[in-house]
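K.L.:
here is a sequence with its predicted model. Questions after.
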Amino acid sequence: MPSLVLNKMSYWLHKHGVWGCIREASLRAWRRVLHGGMVLFWAELKETGIRKAPIPAGFSVTRCDGRHLLPGADFERMASRKGGPLVLEALLERFFRRGAILWVARIEGEIAGYCWSLVGGNDGHYVFPLGEADVVIMADEVFPDFRGRGIAPALIEEVLAWHGNQGASRAYIASALWNRASLRSIAKTRFQELATVHETRIFGHRAAIWTDRRAGQRPKAWRLTQGARRLTKLGLASIAACCIAIRDWIRPLGGRTAMRRPVVLCYHDVPGHLKPRFSAQLNTLLRMGRVVDLEDDTPSAARRFSLTFDDASRSVFENAVPELLQRGVRGTVFVASGHLGKNMSWEHDLEFDHERARVIDEQGLLGGAVAGIEVGAHGVLHKNLTRLSHEQAREEIVHSKDQLERLLGQRIRYFALPYGAYNADVVRMVKQAGYARAFGVLPDPAQRISDSFLRMRTPVSPEDWALEFRLKLMGAYAWARGPKALLCQFRALFGPSDDHSSSAENAQS
């Protein structure tokens, strides 16, 4: 009798959707308790022929390297789970553009699930760059009517076996802590737990605690991410801005005029989706002052700015240069001459973002120079000059200038120090090579205001908040130069033995 009542109650709950609401509320509560909690797994792929998960009956796998290889029936089934055809088309375009592979699992020929794999790239769950022989498996899903048959573990094992035969050495996969079904599926494969991350939010920006699951260590401290550091810097910069405003207000009372040198801004790339924000930044900049060339370094009462772009990313020429020319503004692009038309091998995080990681080719650089964009040297292969021998550093400095002058048919006057790293020898070699000025991103504590050859720049990005960008234009972030340079000096004295110089590494503000 009690069992009959329970069965009828359960049927009524399912029929009217009450049980689904209860389940969804419980799942949301569980997600909130473990907000941002992720488990990272890894597996060695050097030994082939290892398979832990069994193969379900009628199981097969199809590999798709492009959208045209996905059958229409499979597309419609995936679209029903991903919010419609338009959403799925955007998802497929984004993944295939990054070089990912779509793996489709089938039972008796019918699509049952899928996952993606990416070789040597970065996924959003990872905070470390992956090597050329590393594989990421992500966005795996099994459709509801096929769950419970061991399809997900079998699919993962198929993907691992294929990449192992292709020469991959390690594989990584991540799952949310609240997703117990996913964790159980991964546990049935050869993957082993590597680390756990618990994330929280500080004013909308992420802070994380990492735990090494292999050693069973407990988290020692909070690891503040870039967003939390930006908030701290923003607060200190706001105080500095108040001090600057008070100083500029008091000086005229004593008969003195506040004299300023131009603030040199340093961008790296301008992705297409951030083009409107870059345009808004240019409008803000022109309202606060005017843009001058790098050669204009004389103190003045008016606010002046100079624009520079390091690495000559293709996104700069496609998105930033048209905005500059539309406003009659000039900028300077620093390019590593040995990477023209190639990927930025030094930018691991952008390896599969072709728009941002691709350096402009020779024709594009010539077009920019003709349009009025000044070109500067950034080394040949974008190497840290302070870690090279004297002869190697000299070749990087001299050959970059020679190659660009032959290509463009004009004098190359400026040199941007790769990674912002320099010492006295590097600065002397840049001067002897015939450059008019060198640019870094961190100052030497001993640098004098009168030294006009070595100039420092303020790192900016289209992702900067509006207040953050205004404070940088005011020079309110100059307070960070002393602590950063002091930290670099400390690292040079007590850091690894292979770094013999007292260089200033590029630390983005």
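P.N.:
Alright, I've got the coordinates.
K.L.:
shaky segments in this protein?
P.N.:
1-37, 47-52, 68, 82-83, 121-131, 197-228, 258, 345-357, 442-451, 481-509 (pLDDT under 70).
K.L.:
so which elements touch the biggest helix by length in it?
P.N.:
Longest helix of the chain, by residue count under DSSP state H: helix 226-250. Applying 3 or more C-beta pairs under 8 Å, 6 or more residues apart in numbering; DSSP states H and E, one finds that helix 226-250 contacts strand 192-202, strand 205-212, helix 466-473. For every residue, glycine as well, the C-beta is placed using N, CA and C.
K.L.:
pull out the buried positions in stretch 299-308.
P.N.:
Ser300, Arg304, Phe305, Ser306, Leu307, Thr308 (16 or more other C-beta atoms under 10 Å).
K.L.:
also stretch 157-176?
P.N.:
In stretch 157-176, counting by 16+ other C-beta under 10 Å, buried: 157-164, 168, 170-176.
K.L.:
how about stretch 420-430?
P.N.:
Gly420, Ala421, Tyr422, Asn423, Val426, Val427, Met429, Val430.
K.L.:
of the residues you listed, which is the nearest to Tyr267?
P.N.:
Taking C-beta to C-beta as the measure, Gly420 is the one of these closest to Tyr267, at 14.0 Å.
K.L.:
the closest one and Arg455 touch, don't they?
P.N.:
No. Gly420 lies out of contact with Arg455 (C-beta atoms under 8 Å); the separation is 11.7 Å.
K.L.:
narrow the buried residues of stretch 420-430 to those in strands?
P.N.:
Cross-referencing the buried residues of stretch 420-430 against strands under DSSP state E gives no overlap.
K.L.:
domain parsing for this structure?
P.N.:
According to automatic domain parsing, the chain comprises the domains 43-195, 260-494.
K.L.:
would JSON lines of these with distance to Ile246 be doable?
P.N.:
Shown next, in JSON lines, are these (distance: least, C-beta to C-beta, whole Å):
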{"stretch": "domain 43-195", "distance to Ile246": "40"}
{"stretch": "domain 260-494", "distance to Ile246": "12"}
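K.L.:
what is the end-to-end distance of stretch 166-181?
P.N.:
When the termini of stretch 166-181 are compared using C-alpha to C-alpha, to the nearest Å, they are 29 Å apart.
K.L.:
wait, I meant stretch 101-119
P.N.:
Start-to-end span of stretch 101-119 (C-alpha to C-alpha) is 9 Å.
K.L.:
over to stretch 298-317?
P.N.:
29 Å.
K.L.:
how far out from the middle of the chain is it?
P.N.:
22 Å (C-alpha atoms, centre = their mean, to the nearest Å).
K.L.:
likewise stretch 232-248?
P.N.:
With C-alpha atoms, centre = their mean, you get 28 Å for stretch 232-248.
K.L.:
hey, C-alpha coordinates of it in PDB?
P.N.:
This file holds the C-alpha atoms of stretch 232-248, laid out as PDB (Å, rounded to 0.1, in the frame of the first residue of the first chain):
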ATOM      1  CA  THR A 232      43.700  47.300  -6.300                       C
ATOM      2  CA  LYS A 233      45.700  49.300  -8.900                       C
ATOM      3  CA  LEU A 234      42.600  51.200  -9.800                       C
ATOM      4  CA  GLY A 235      42.100  52.300  -6.200                       C
ATOM      5  CA  LEU A 236      45.800  53.400  -5.800                       C
ATOM      6  CA  ALA A 237      45.600  55.200  -9.200                       C
ATOM      7  CA  SER A 238      42.500  57.100  -8.100                       C
ATOM      8  CA  ILE A 239      44.400  58.400  -5.100                       C
ATOM      9  CA  ALA A 240      47.300  59.300  -7.300                       C
ATOM     10  CA  ALA A 241      44.900  61.200  -9.700                       C
ATOM     11  CA  CYS A 242      43.600  63.200  -6.800                       C
ATOM     12  CA  CYS A 243      47.100  64.200  -5.900                       C
ATOM     13  CA  ILE A 244      47.900  65.200  -9.500                       C
ATOM     14  CA  ALA A 245      44.700  67.300  -9.600                       C
ATOM     15  CA  ILE A 246      45.600  69.100  -6.400                       C
ATOM     16  CA  ARG A 247      49.200  69.700  -7.600                       C
ATOM     17  CA  ASP A 248      47.900  71.100 -10.900                       C
END
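K.L.:
picking that back up, right, and the helix or strand after the longest helix of the chain?
P.N.:
Where DSSP states H and E defines the elements, the next helix or strand beyond helix 226-250 is strand 263-267.
K.L.:
tell me the strands beside that following strand, with direction?
P.N.:
strand 304-310 (parallel), strand 458-459 (parallel) (DSSP bridges).
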